[in-house]
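Enquirer: Sequence and predicted structure, then a few things I'm wondering about:
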Amino acid sequence: MQGNSSAVSTYGIATDPLLNDSWYRSQLYGLDRLSDDFPRIRQSELADLLAHHSALQQFARPTIRILAEKIADKQAVVILSDASGLVLNTFGDMQALQKAERFALAPGNLWSECGRGTNAIGTALAIEECCEIDGQQHFLTSNQGLYCAAIPLQSPCGKIAGVLDISGPANFAHPHTLALLKDAAQQIEYLWVKQSLNPDQWIMNLHRKIEGLDRADELLLVFSDNMLMAANRVAMRELELSAEQMGSVTFQQLFPQSEQQANLVPQSLTTADQQHYFFRLRAPTRTRFHSADVTPSALPFSLRDDGNKMVRLMNAGVSLCLHGETGSGKEYVSRALHQQSRWQRGKFVAINCAAIPESLIESELFGYQPGAFTGASKNGYIGKIREADGGVLFLDEIGDMPLALQTRLLRVLQEKEVAPLGSSRSWPVSFAVISATHRNLPQLVADGTFREDLLYRLQEFALTIPPLREWPELDTFIMQLWQNMGGEQRGISMKPQLLDILVQHPWPGNVRQLRSLLKVLLALAEDNEELDCSSLPAEYRMAVSEPLPALQQHDEQLIAATLQRFNGNISKTAEALGVARSTLYRRAARSHTVAGQLPSKSVP
Ligand SMILES: Nc1ncnc2c1ncn2[C@@H]1O[C@H](COP(=O)(O)OP(=O)(O)OP(=O)(O)O)[C@@H](O)[C@H]1O
């Protein structure tokens, strides 16, 4: 849409089709053209929002400063807004503007089309294209002293993240303003993709001409393994990609005739729709799951096949609910999925619904405005849900969430908006949800303590992590853990009998318990030592290390000690000792020592 006051007829009706549509929408919004009551937000909310959009500002600022210098002598300013049209920063000489304009263009003003009618920021957002609005083309008469040009900015995941705008006095129009904006936007988007690349991702640059590689107008694609995770706008436009395809299109689907192999010397390739490009592909500089907690054994063996499926589900926005005994790795698996999914750039925010006092869960989840309640921090709090925006919200022990909050949580999940306590404003949010529980949720629904509709919303896909004792190839897993925990590096090894005992152990505390035991063994061992069963703490030796003959010799002490360890649980004791439950009952009938460890109702 080009700046041209003739595009508005003497009756104030736009004659340019795009402008005409925008004026039509402005009329539908019911705006009063003579109004000067402009929407803007409070300072406290602005501070909150500036923090929320720190990535956008960080990647845009260097380019904007250069742009502001280029127009320094034009009585104009450069504005950065978020995707709702809210002015985040204004750069340049504000003093050169009239007082009213200074006020209208300052941070905190909302320039959405529905708030102020036809205007460059709001209209660029509405049409997702750049546009210029000059003087009388503005819908509200009070804005007609302004000239504005704006272009939407796209984040690496393909969504509109904000707007870059140049504003000055009406009739400022300069033939190069739109070109300056387009170059700056391209540069911002280019840097944003490049600088937010993780070391465990692939980056690919493409251009139709070999000499075009490494310029800001090249196509950039980022892959996690073979999955497309990010792209700049040039790439999205040329390869006809949409934001929804991030996390669901693979390298092979884009380039069926090419291998995903690193090459730093430009080569040519052909896309699926027969377009020719030169490209370079840089392999990750670090392998995945580098952090101490997330190791190559990220998914338990029994889940390996499900891993890819789970990532695909998460990428498609399906909510996952993990079931499993305590310590079986529900949070660990969720973190691993987060790192592999398209939500990896956002945070992994965990909240334990059972550990937070009921009175605090609401503010913890939804956040609050300064002074929203007695004892609230004077700075307010953003809340876990908004913290998880763009990432994963992990709701641990979901079965313990109070009923009243379940209703609010359901609303957030459905409407994708959250309103902090004490605020009249809602914030849009987008995140993946993984919940976890060791409780039987359908039973809680039947008991009336868990909302059925929330269950269906949270458990669009359910997965059970089996207890450690049921994992196949447990010996390999234990050795892997041993290696990750530094055993191999220190030359400490385990004799086969010791490993056998660990494999046979019932592990009521699952991986958490196994890790703790390995930690103890490693702490007590000398470098290069070969550990045998005698290195085990007494309770492990007692429960399993004694061979069965000890039992056959009526070792009441052993049975009693094992029962005690499992709090009188006959099934677990029988399993640990490798005997039938009936054997234990018979022993109990003959021995007071054994009977004394049984819960009273099970004594025959
Ligand atoms: N596959 C795995 N490989 C390595 N370590 C693991 C694995 N699974 C779990 N762990 C470790 O075991 C411990 C317990 O795991 P986690 O907290 O994920 O279990 P959980 O099922 O969420 O437990 P809870 O129900 O008690 O919250 C953590 O220290 C975690 O790092």
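Expert: Now that the structure is in, tell me what you want to look at.
Enquirer: correct me, but I382 touches Y368?
Expert: No: contact between I382 and Y368 fails when scored by Cβ atoms under 8 Å: they sit 9.2 Å apart. To be clear about C-beta, it is placed using only N, CA and C from the backbone, and glycine gets the same treatment.
Enquirer: which residues do these two both contact?
Expert: Common contacts of I382 and Y368 (Cβ atoms under 8 Å, 6 or more residues apart in numbering): P420.
Enquirer: Now stretch 345-353: buried residues?
Expert: Residues R345, G346, K347, F348, V349, A350, I351, C353 are the ones in stretch 345-353 that count as buried (16 or more other Cβ atoms under 10 Å).
Enquirer: Can I get it in PDB? Just the C-alpha atoms.
Expert: Provided in PDB are the C-alpha atoms of stretch 345-353 (Å, rounded to 0.1, in the frame of the first residue of the first chain):
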ATOM      1  CA  ARG A 345      13.700 -22.700  22.200                       C
ATOM      2  CA  GLY A 346      11.200 -22.000  25.000                       C
ATOM      3  CA  LYS A 347      11.700 -22.900  28.700                       C
ATOM      4  CA  PHE A 348      10.800 -26.100  30.400                       C
ATOM      5  CA  VAL A 349       8.700 -24.900  33.300                       C
ATOM      6  CA  ALA A 350       7.900 -27.600  35.900                       C
ATOM      7  CA  ILE A 351       5.400 -27.100  38.700                       C
ATOM      8  CA  ASN A 352       4.600 -29.700  41.300                       C
ATOM      9  CA  CYS A 353       0.900 -29.400  42.100                       C
END
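Enquirer: ok, back up a step: same list as before, the buried residues of stretch 345-353 that is, but in a markdown table and with pLDDT, secondary structure and distance to the ligand included.
Expert: Rendered in a markdown table, the data for the buried residues of stretch 345-353 read as follows (pLDDT from 0 to 100; DSSP: H, G, I helix; E, B strand; the rest coil; distance: Cβ to the nearest ligand atom, whole Å):
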| residue | pLDDT | secondary structure | distance to the ligand |
| --- | --- | --- | --- |
| R345 | 80 | coil | 22 |
| G346 | 86 | coil | 20 |
| K347 | 90 | coil | 17 |
| F348 | 93 | strand | 12 |
| V349 | 93 | strand | 15 |
| A350 | 92 | strand | 9 |
| I351 | 90 | strand | 12 |
| C353 | 86 | coil | 11 |
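Enquirer: Just send the residues you listed back as JSON lines, with distance to A184 too.
Expert: Listed next are the buried residues of stretch 345-353 as JSON lines, based on distance: Cβ to Cβ, whole Å:
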{"residue": "R345", "distance to A184": "23"}
{"residue": "G346", "distance to A184": "26"}
{"residue": "K347", "distance to A184": "29"}
{"residue": "F348", "distance to A184": "33"}
{"residue": "V349", "distance to A184": "33"}
{"residue": "A350", "distance to A184": "38"}
{"residue": "I351", "distance to A184": "39"}
{"residue": "C353", "distance to A184": "45"}
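Enquirer: Are we agreed that A436 is in a strand?
Expert: Yes: A436 sits within a strand when classified using DSSP: H, G, I helix; E, B strand; the rest coil.
Enquirer: mind listing what it touches?
Expert: C321, L322, H323, G324, K330, E331, S334, F394, L395, D396, E397, I398.
Enquirer: mean confidence for stretch 490-506?
Expert: Mean pLDDT, stretch 490-506: 92.
Enquirer: so when I look at I121, I'm seeing a helix, right?
Expert: Yes: assessed with three-state DSSP, I121 lies in a helix.
Enquirer: ok, it to A104 distance?
Expert: 11 Å (Cβ to Cβ, to the nearest Å).
Enquirer: Pick out whichever of those two has more residues nearby.
Expert: I121 (33 against 22; other Cβ atoms under 10 Å).
Enquirer: Of the contacts of A436, just say which sits nearest to Q58.
Expert: Relative to Q58, the closest of those is F394; by Cβ to Cβ it sits at 26.0 Å.
Enquirer: The closest residue to the ligand within the stretch 301-450 of the chain: neighbouring residues, count only.
Expert: In the stretch 301-450 of the chain, the residue that lies nearest the ligand is G329 (2.7 Å; Cβ to the nearest ligand atom). Neighbour count of G329, defined by other Cβ under 10 Å: 24.
Enquirer: for the ligand, what are the nearby residues on the stretch 301-450 of the chain?
Expert: G324, T326, G327, S328, G329, K330, E331, Y332, D396, A436, H438 (Cβ under 6 Å from any ligand atom).
Enquirer: rerun that using 5 Å as the cut-off
Expert: Selection of the stretch 301-450 of the chain residues close to the ligand by Cβ under 5 Å from any ligand atom yields T326, G327, S328, G329, K330, E331, Y332.
Enquirer: Could you identify the buried members of those?
Expert: The buried subset of those - by 16+ other Cβ under 10 Å - is G327, S328, G329, K330, E331, Y332.
Enquirer: Return the item of those having minimum pLDDT.
Expert: Within these, pLDDT is lowest for G327, at 88.
Enquirer: Show the pLDDT at the nearest residue to that one once chain neighbours are set aside.
Expert: Of all residues not flanking G327 in the chain, R512 sits nearest, at 3.3 Å (Cβ to Cβ, 6 or more residues apart in numbering). R512 is assigned 91 on the pLDDT scale.
Enquirer: does the helix or strand containing R512 come close to the ligand?
Expert: Secondary-structure assignment from DSSP states H and E places R512 in helix 510-524. Yes: using Cβ under 5 Å from any ligand atom, helix 510-524 reaches the ligand at V511, R512.
Enquirer: can you list the domain ranges for this structure.
Expert: Following automatic domain parsing, the chain resolves into domains at 5-195, 202-282, 301-464, 473-602.
Enquirer: If I average pLDDT within each of the ones you listed, which one is lowest?
Expert: The bottom spot among the domains of the chain, by mean pLDDT, belongs to domain 473-602, with a mean of 79.
Enquirer: now that one, how far from the chain's geometric center?
Expert: How far domain 473-602 lies from its chain's middle: 39 Å, per Cα atoms, centre = their mean, to the nearest Å.
Enquirer: how far away is the nearest residue to H276 once chain neighbours are set aside from the ligand?
Expert: The shortest distance from H276 to any residue other than its chain neighbours is 5.6 Å, reached at T270 (Cβ to Cβ, 6+ apart). Separation of T270 from the ligand (Cβ to the nearest ligand atom, to the nearest Å): 41 Å.
Enquirer: my read is L395 is in a strand, agree?
Expert: Yes: with three-state DSSP as the criterion, L395 is part of a strand.
Enquirer: Please look at it and I434 and confirm they touch.
Expert: Yes: under the criterion of Cβ under 8 Å, L395 makes contact with I434 at 7.4 Å.
Enquirer: Between those two, which is the more surrounded one?
Expert: Between L395 and I434, counted using other Cβ under 10 Å, the more crowded position is I434 (29 against 25).
Enquirer: could you list every residue that touches the spatially closest residue to T464 that is not a sequence neighbour?
Expert: Nearest non-adjacent residue to T464, counting by Cβ to Cβ, 6+ apart: H323, 4.5 Å away. H323 sits next to K330, A436, T437, H438, A462, L463, T464, I465 when contact means Cβ under 8 Å, 6+ apart.
Enquirer: neighbours of H52, just the number please.
Expert: So H52, with other Cβ under 10 Å, has 16 neighbours.
Enquirer: swap that for A96, sorry
Expert: Applying other Cβ under 10 Å, I find that A96 has 16 neighbouring residues.
Enquirer: again, but for H174
Expert: 16.
Enquirer: any idea how far I166 is from it?
Expert: For H174, the distance to I166 - Cβ to Cβ - is 9 Å.
Enquirer: Show me the helices in the stretch 251-400 of the chain, by range?
Expert: Secondary structure of the stretch 251-400 of the chain (DSSP state H, counting those that start in this stretch): helices at 251-254, 304-315, 330-340, 358-366, 384-387.
Enquirer: In terms of secondary structure, what does the fourth one contact?
Expert: Here helix 358-366 touches helix 384-387, helix 403-415, going by 3 or more Cβ pairs under 8 Å, 6 or more residues apart in numbering; DSSP states H and E.
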